[in-house]
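Novice: Any chance you could fold what I've pasted below:
(chains A, B and C)
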Amino acid sequence: MVRDGLARWVAGRTVDSVEVRHPRAIRRHAPGPGDFASRIAGRTVEAAERRGKYLWLPLDSGEAVTAHLGMSGQLLVEPGDAPDEKHLRVRLRFADGGRELRFVDQRTFGGLAVDELVEVDGTVVPRSVAHIARDPLDPAFDDAAFVAGLRSRRTGVKRALLDQTLVSGIGNIYADEALWRTKLHYARPTESLTRPAGLLLLGQVRDVMTEALAQGGTSFDALYIDVNGQSGYFDRSLNAYGRTDEPCGRCGTPIRRDPFMNRSSFTCPRCQPRPRRGRW
DNA sequence: CAGTGGCCCTGTCTGC
DNA sequence: TGCAGACAGGGCCACT
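Specialist: Okay, the predicted model is just below:
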């Protein structure tokens, strides 16, 4: 939805000027703000693409403006006379004088960069995205390869889900929700999962992502473009994530919160019992 | 090399 | 009331 919106608003338009308001927002662009701006200004945006949590705008130069929205990042398409957001980091003005593109990010976990486009596995992606796996909604996603990769890991199943080189687009929320649906504990050793169990898990991941996407779709019409898509989904559909001490929707047992990778994991202690020999 | 843990950042909330 | 600390979280990097 974010990608669709961006494509609709910026594809075919030529960038006039680039304003970097906060250097940290382009910290992954090593050559710095001057180089960043000069590679974008005067170029025409050809499309908007996405993989996992990355989003990019291919330019007519063979490079692309690559964005990672982190947790709090937004790409907004707004009239030039709209007041600057408090956390406005980068602004792109277009030669046609129409709406401008703004990167807004409170916590600056995200950022922009300009990157060379390369071909990986039959798909053209920015170099910085080349190591990111396809997401499960990608038509070219290879289910069998994913399950094989999952089973060959020597770690806990949630760690594997969060590893973007194995599968992309799954964050802490989607992981907990898919694990709850599959009745798997986050520390379940990946090598102990059967192929059918792996496919079942993948199916639940897909369902969670599809439902989240459907519910987040509405926010975009207001030109509020946000990869999190949390608006409706966050409140209505979560079964485990953030529901500490609330009853499990299946069995009524209070949901439990555990520290996990400097974050949290939410499980139903009854539906998702901790394995005896769990892997973190 | 694969796996793991710490840290980045800032606003909000909780508890003393 | 005010302040300290926990928490949110994807990814990068150093370390084992």
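Novice: What lies in contact with the strand or helix carrying A:Pro58?
Specialist: Assigned by DSSP states H and E, A:Pro58 belongs to strand A:54-58. Here strand A:54-58 makes contact (C-beta atoms under 8 Å, 6 or more residues apart in numbering) with A:2-3, A:6, A:10, A:45-50, A:64-69, A:75, A:115, A:117, A:124-126, A:128-129, A:132, A:227. Where C-beta positions appear, they are placed from N, C-alpha and C, glycine not excepted.
Novice: Look up how far DNA strand C lies from the residue nearest to A:Phe94 when sequence neighbours are not counted.
Specialist: Nearest residue to A:Phe94, sequence neighbours excluded (C-beta to C-beta, 6 or more residues apart in numbering): A:Arg13, at 4.7 Å. Note on A:Arg13: its distance to DNA strand C, by C-beta to the nearest atom of the strand, to the nearest Å, is 27 Å.
Novice: Over to A:Leu166?
Specialist: A:Leu166 is 11 Å from DNA strand C, by C-beta to the nearest atom of the strand.
Novice: Do you know the pLDDT at that residue?
Specialist: As predicted, A:Leu166 sits at a pLDDT of 95.
Novice: where's it, which helix or strand?
Specialist: For A:Leu166, there is no host helix or strand (DSSP H and E).
Novice: coming back round to it: can you get me a residue count around the residue nearest to A:Phe94?
Specialist: Neighbour count for A:Arg13, taken as other C-beta atoms under 10 Å: 17.
Novice: what does the model give it for pLDDT?
Specialist: In this model, A:Arg13 carries a pLDDT of 98.
Novice: what do you get for A:Arg276?
Specialist: pLDDT for A:Arg276: 84.
Novice: same check, this time on A:Ser72
Specialist: Reported pLDDT for A:Ser72: 79.
Novice: near DNA strand C, which residues of the stretch 1-150 of chain A?
Specialist: Within the stretch 1-150 of chain A, the residues that sit near DNA strand C (C-beta under 7 Å from any atom of the strand) are A:Arg28, A:Gly52, A:Lys53, A:Tyr54, A:His68, A:Gly70, A:Met71, A:Ser72, A:Arg107, A:Phe109, A:Ser128, A:Ile132.
Novice: Apply the buried test to the residues you listed and list what passes.
Specialist: A:Gly52, A:Lys53, A:Tyr54, A:His68, A:Gly70, A:Ser128, A:Ile132 (16 or more other C-beta atoms under 10 Å).
Novice: from what I can see the first one touches A:Leu166, true?
Specialist: Put plainly, it is A:Gly52. No. With contact defined as C-beta atoms under 8 Å, A:Gly52 does not count as touching A:Leu166 (10.9 Å).
Novice: who touches both of these two?
Specialist: Shared contacts of A:Gly52 and A:Leu166, counting by C-beta under 8 Å, 6+ apart, come down to A:Ala133.
Novice: What is the helix ranked longest in chain A packed up against?
Specialist: Scanning chain A for the helix with the most residues, using DSSP state H, yields helix A:195-216. With contacts taken as 3 or more C-beta pairs under 8 Å, 6 or more residues apart in numbering; DSSP states H and E, helix A:195-216 sits against helix A:143-152, helix A:172-182, helix A:230-236.
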